[in-house]
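*Asks:* missing the sequence, but the structure's below:
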């Protein structure tokens with residue numbers, strides 16, 4: 001990556017607005033043509049004064065709920081849609097994947113459509129001949145390359161369209177969810193190619209609903225909502241606020257939205273400073289996300305100034321709290337002598353969080369109030385996946401121990417289970433329970449809450465694990481190097497790699 005990376009503006013969007021005109025009846029469109037002083041339509045504002053400035057070599061993710069204006073913005077940047085107001089300045093060749101099969105003639109073969117798309121993107125016959133074999137190999141659709149594209153599956157469309165776009169030497173690559181239709185192997189190949197383009201100085205702008213992809217791949221991210229730019233900043237900051245927004249209850253949604261908007265200037269400045277400070281050969285800088293709670297622990301949903309003040313301090317880890325990220329399927333068994341309350345996760349420093357970092361230590365905490373005296377009490381917890389698979393269970397005492405004695409009613413116990421998050425990224429659910437054991441060794445629940453707490457495990461940098469359990473160890477990964485021609489039975493030379501989750 002060249003030394004002037006992130007110093008040259010590749011894309012500048014100023015005050016871009018787009019209004020779609022909605023006519024109730026077909027004849028109203030004709031009337032409007034001849035009677036311009038009258039208004040036969042309703043204007044729907046898809047974009048409202050959006051500003052962006054993106055630098056050469058940057059990768060920027062665009063996130064937001066459906067209907068927030070993401071695709072409209074990308075279409076305007078690509079030049080396939082005209083804004084109602086505002087300007088777009090683009091430096092260099094733009095290759096855009098804005099829709100499955102967009103620009104493809106269904107009657108043409110894949111080979112013919114490659115030539116057609118390459119010509120649209122400014123690639124002449126000679127230049128196309130030099131890269132055609134690479135396009136065909138990347139798409140890897142076999143004999144279907146010489147068949148009409150109307151016979152293609154959605155995955156074949158995606159393969160061929162992406163293969164063309166990334167081999168026309170684009171200065172700016174725009175991708176709108178196209179990769180979500182490909183199989184996992186193809187997606188991995190695409191992201192590897194995106195990294196290569198980025199290293200060569202290509203500016204990449206893409207829409208995705210995958211938080212992990214934004215955090216892994218992007219230098220910055222922008223949050224759109226109702227056609228407006230609410231926030232631009234580091235990927236983790238933007239994703240945290242996006243998740244606050246989509247989980248916001250109706251009564252708090254407006255206040256949360258304004259709180260996020262108030263953070264925009266400071267978050268954008270911090271993220272841009274980190275991008276410019278990052279060494280050219282480094283991966284994207286992902287700073288700690290802002291927390292939706294203030295340093296004193298107060299809720300900031302109704303206080304934009306506090307939300308802005310909470311932008312980021314250095315944390316013991318990147319875990320954070322999204323107030324409205326909660327389990328929607330809590331199953332509560334009847335209380336029969338005890339009551340479990342205030343189930344939450346804390347960092348070792350006592351900060352409440354529900355977005356956790358793999359490989360770090362936390363405490364699952366809850367309080368139990370007892371309705372009367374009871375003997376042989378044990379406390380328990382459980383962690384399950386979204387499909388119900390139990391990945392961890394822990395009790396406060398073993399079966400051979402007597403357990404805790406509660407001598408009188410009204411006594412309260414705080415329970416803390418230490419938890420090392422050895423899980424791959426995803427959403428998990430936690431249970432809490434308190435039981436008593438009778439003289440015959442039979443367990444009876446005094447209270448039990450199933451799926452009472454939802455937590456999200458974040459994607460760590462350079463994550464390579466999949467499945468459920470994150471394989472950990474105090475020793476680094478070891479490689480043994482042998483000279484060429486030497487059989488792998490000698491002493492060799494050890495090479496050590498740090499664990500990818502550190």
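*Replies:* Received it, and whenever you're ready, just let me know what you need. Every value quoted in this text rests on a predicted model; they were computed, and no experiment measured them.
*Asks:* helix or strand: which one has residue 175?
*Replies:* strand 172-176 (DSSP states H and E).
*Asks:* per-residue confidence averaged over that strand?
*Replies:* For strand 172-176, mean pLDDT rounds to 86.
*Asks:* ok, and what's touching it?
*Replies:* Under the contact criterion C-beta atoms under 8 Å, 6 or more residues apart in numbering, strand 172-176 has outside partners 10-11, 70-71, 74, 77-78, 90-99, 162, 165-166, 194, 197, 202-207. All C-beta atoms are positioned from the backbone trio N, CA, C, and that covers glycine.
*Asks:* could you pull out the strands for the stretch 101-250 of the chain?
*Replies:* Applying DSSP state E, counting those that start in this stretch to the stretch 101-250 of the chain gives strands spanning 172-176, 203-207, 220-225, 228-233.
*Asks:* the last one to strand 220-225, inter-axis angle?
*Replies:* Looking back up the chat, that one is strand 228-233. Relative orientation of strand 228-233 versus strand 220-225 (axes from the mean of the first three to the mean of the last three C-alpha atoms, to 10 degrees): 160 degrees.
*Asks:* what does strand 228-233 contact?
*Replies:* 47-52, 69, 220-224, 237-238, 241, 245, 257, 260-261, 263-264, 267-268, 270-271.
*Asks:* direction included, what does it pair up with?
*Replies:* Paired with strand 228-233 in the same sheet, following DSSP bridges, are strand 220-225 (antiparallel).
*Asks:* one step back: just the buried residues out of the contacts of strand 228-233, in PyMOL syntax.
*Replies:* Applying 16 or more other C-beta atoms under 10 Å to these, the buried members can be selected in PyMOL as follows:
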select buried, resi 47+48+50+52+69+220+221+222+223+224+237+238+241+245+257+260+261+263+264+267+268+270+271
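*Asks:* please identify which helix or strand holds the residue nearest to residue 174 when sequence neighbours are not counted.
*Replies:* Closest residue to residue 174 apart from its sequence neighbours, by C-beta to C-beta, 6 or more residues apart in numbering: residue 96 at 4.1 Å. Counting by DSSP H and E, the element that carries residue 96 is strand 94-97.
*Asks:* who does that strand pair up with?
*Replies:* strand 172-176 (parallel).
*Asks:* the partner strand to strand 203-207, inter-axis angle?
*Replies:* Using the same axes, to 10 degrees: strand 172-176 against strand 203-207 is 10 degrees.
*Asks:* can you show me the helices along the chain?
*Replies:* 26-34, 70-78, 110-120, 125-139, 154-166, 184-199, 211-217, 235-246, 250-262, 264-277, 304-309 (DSSP state H).
*Asks:* what's the longest strand in the protein?
*Replies:* Counting residues, the longest strand in the chain under DSSP state E turns out to be strand 443-458.
*Asks:* can you show me the strands along the stretch 351-500 of the chain?
*Replies:* 352-353, 355-357, 361-370, 374-385, 390-395, 404-406, 412-420, 426-437, 443-458, 477-481, 493-497.
*Asks:* just name the most buried of those.
*Replies:* A comparison of those by mean neighbour count, using mean count of other C-beta atoms under 10 Å, puts strand 355-357 on top with a mean of 23.
*Asks:* mean confidence for that one?
*Replies:* 90.
*Asks:* other residues contacting that strand?
*Replies:* 240, 243, 289, 317-322, 325, 345, 362, 421, 455-458, 460.
*Asks:* got the angle for the strand holding residue 175 vs helix 154-166?
*Replies:* Strand 172-176 runs at 170 degrees relative to helix 154-166, counting by the same axes, to 10 degrees.
*Asks:* hang on, the earlier thing: right, so of the strands of the stretch 351-500 of the chain, which gets closest to residue 339?
*Replies:* Closest approach to residue 339 among the strands of the stretch 351-500 of the chain is made by strand 361-370 (4.8 Å; C-beta to C-beta).
*Asks:* list the strands paired with the closest one, with their directions.
*Replies:* For strand 361-370, pairing defined by DSSP bridges yields strand 338-346 (antiparallel), strand 412-420 (antiparallel).
*Asks:* list of residues touching that strand?
*Replies:* With C-beta under 8 Å, 6+ apart as the test, strand 361-370 has contacts from 319, 337-348, 353, 356, 379, 381, 406, 409-421, 430, 432, 434, 446-447, 453.
*Asks:* so how far is that strand from its chain's centroid?
*Replies:* Mean-position distance between strand 361-370 and its chain equals 29 Å (C-alpha atoms, centre = their mean, to the nearest Å).
*Asks:* so it versus strand 374-385, what angle?
*Replies:* 140 degrees.
*Asks:* what's the angle from strand 361-370 to strand 390-395?
*Replies:* Using the same axes, to 10 degrees: strand 361-370 against strand 390-395 is 60 degrees.
*Asks:* and the angle for strand 361-370 with strand 443-458?
*Replies:* 150 degrees.
*Asks:* what average pLDDT does strand 361-370 get?
*Replies:* 93.
*Asks:* tell me the angle it makes with strand 426-437.
*Replies:* Interaxial angle, strand 361-370 versus strand 426-437 (the same axes, to 10 degrees): 40 degrees.
*Asks:* still on that earlier bit, and the helices of the chain: which comes nearest residue 18?
*Replies:* Of the helices of the chain, nearest to residue 18 by C-beta to C-beta is helix 70-78, at 5.4 Å.
*Asks:* domain parsing of the chain, as residue ranges.
*Replies:* By the assignment in automatic domain parsing, the chain contains the domains 9-27+53-246, 331-458.
*Asks:* mean pLDDT lowest for which of those?
*Replies:* When I compare the domains of the chain, domain 9-27+53-246 is least confident, with a mean of 85.
*Asks:* does residue 272 touch residue 220 like I think?
*Replies:* Yes: with contacts defined as C-beta atoms under 8 Å, residue 272 counts as touching residue 220 at a distance of 7.2 Å.
*Asks:* turn the helices of the chain into JSON lines, columns for distance to residue 40.
*Replies:* What follows is the helices of the chain, written out as JSON lines (distance: least, C-beta to C-beta, whole Å):
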{"stretch": "helix 26-34", "distance to residue 40": "4"}
{"stretch": "helix 70-78", "distance to residue 40": "23"}
{"stretch": "helix 110-120", "distance to residue 40": "35"}
{"stretch": "helix 125-139", "distance to residue 40": "46"}
{"stretch": "helix 154-166", "distance to residue 40": "38"}
{"stretch": "helix 184-199", "distance to residue 40": "45"}
{"stretch": "helix 211-217", "distance to residue 40": "41"}
{"stretch": "helix 235-246", "distance to residue 40": "35"}
{"stretch": "helix 250-262", "distance to residue 40": "32"}
{"stretch": "helix 264-277", "distance to residue 40": "37"}
{"stretch": "helix 304-309", "distance to residue 40": "40"}
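*Asks:* single out the most deeply packed of the ones you listed.
*Replies:* For the helices of the chain, the largest average neighbour count (mean count of other C-beta under 10 Å) is found in helix 235-246, namely a mean of 25.
*Asks:* just the angle between it and strand 443-458, please?
*Replies:* 130 degrees.
*Asks:* now for helix 235-246, which elements pack on it?
*Replies:* strand 59-63, helix 211-217, strand 220-225, strand 228-233, helix 250-262, helix 264-277 (3 or more C-beta pairs under 8 Å, 6 or more residues apart in numbering; DSSP states H and E).
*Asks:* if we use 10 Å, what do you get?
*Replies:* Under the contact criterion of 3 or more C-beta pairs under 10 Å, 6 or more residues apart in numbering; DSSP states H and E, helix 235-246 touches strand 59-63, helix 211-217, strand 220-225, strand 228-233, helix 250-262, helix 264-277, strand 355-357, strand 443-458.
*Asks:* now distance to residue 36 too, for the domains of the chain, in TSV please.
*Replies:* As requested, the domains of the chain are exported to TSV (distance: least, C-beta to C-beta, whole Å):
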stretch	distance to residue 36
domain 9-27+53-246	12
domain 331-458	52
